[in-house]
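Student: Based on what follows, work out the 3D shape:
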Amino acid sequence: MMSLPDCETLLLKLETGVLHITLNRPDCRNAMSLKMVHELSAVLDSVKEDPGVRALVLRGAGGHFCAGGDIKDMAGARSAGADAYRQLNRAFGAMLEQAQNCPQVLVAVVEGAVLGGGFGLACVSDIAIASDDAKFGLPETTLGIIPAQIAPFVVKRIGLTQARRLALTAARFNGSEAGRLGLVHFSETDSAAIEARLQEVLGQIRQCAPQANRQTKALLLATETEPLGTLLDSAAAQFAAAVTGAEGAEGTMAFMQKRAP
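Tutor: Predicted structure coming up:
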């Protein structure tokens, strides 16, 4: 196990192959400061090559997931001019891209405020579990700004048609509606139901071979960027390596012998 970085804005807990990452700025509904962006990026970087970490669970402290970007950071950048704003904004986008491509299964548990940048974080998860009464929205345009870094991830998640409506109206909606939009996979009535669903999902992830999961996630993401023929050629080579490798040999043998791998 690689050592995890020290964090001021995140709580980290590793248990049975799952790293629980809690955004921990409850006094401001876990608004995403530049420090939090850098710390989350460092955590993702520290575990990306660790085969012992199967899944990441991202959630917020104090009943909220994330209320978006930290306005105090934006105010601090004002004196430094437009380039400081650009760097601040782009750092968040780079972290979202890193989270999207992390080799582990990324599970987001979203409650309370899921706004702006928090909305973007939910969009890069592999599996998202919401509370029915969570408050989702893209409020940027009501502040005279734009959802600059999260827009591509929102469009990929829920499609251009719905993204246009939500971004251009700043409409608020709850977890049940987020489920209908395909933004989240599950919307639960209370904290007990959320925890039960999380444990069910983590149990399912643990049934999957870790290296096979990593390669499958990369393959799925590559469907958006690589030509089909090239992608299928590469996938065939990966399949051959997987089926003759340790995980594939054990998995297929266990299936034939009607036992757990």
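
Student: Residue 186 against residue 129, yeah?
Tutor: Yes - Residue 186 is within contact range of residue 129, at 4.7 Å (criterion: CB atoms under 8 Å). In this view, the C-beta of every residue, glycine as well, is placed from N, C-alpha and C.

Student: Find residues that contact each of these two.
Tutor: residue 197 (CB atoms under 8 Å, 6 or more residues apart in numbering).

Student: Neighbour count for these two, which is higher?
Tutor: With neighbours defined as other CB atoms under 10 Å, residue 186 and residue 129 compare such that residue 129 has more, 28 against 18.

Student: Provide the contact partners of the helix or strand hosting the more buried one at residue level.
Tutor: Element membership of residue 129 [criterion: DSSP states H and E] is strand 127-131. Residues from elsewhere that reach strand 127-131, judged by CB under 8 Å, 6+ apart: 105-112, 114, 122, 175, 178-179, 183-191, 194, 197-198, 201.

Student: Please report how far residue 167 lies from residue 258.
Tutor: According to CB to CB, to the nearest Å, residue 167 and residue 258 sit 51 Å apart.

Student: And residue 209, by the same measure?
Tutor: 18 Å.

Student: cool, and residue 115?
Tutor: 49 Å.

Student: With neighbour numbers in mind, choose between those two.
Tutor: More crowded of residue 115 and residue 258, by other CB under 10 Å: residue 115, with 24 against 6.

Student: What does that one show for phi and psi?
Tutor: phi -120, psi 150 (degrees, to the nearest 10).

Student: So it is in contact with residue 140, correct?
Tutor: No - the criterion here is CB under 8 Å, and residue 115 misses it with residue 140 at 9.2 Å.

Student: show me what contacts the spatially most central residue of the chain?
Tutor: Taking CA atoms, centre = their mean, the centroid of the chain lies closest to residue 125, which sits 2.9 Å from it. Residue 125 is in contact with 58, 99, 106-108, counting by CB under 8 Å, 6+ apart.

Student: make it 10 Å
Tutor: 56-58, 99-100, 105-110, 157, 183-185 (CB atoms under 10 Å, 6 or more residues apart in numbering).

Student: Can you give me the first-to-last residue distance of stretch 17-31?
Tutor: 28 Å (CA to CA, to the nearest Å).

Student: List the buried residues of it.
Tutor: 17-25, 28-31 (16 or more other CB atoms under 10 Å).
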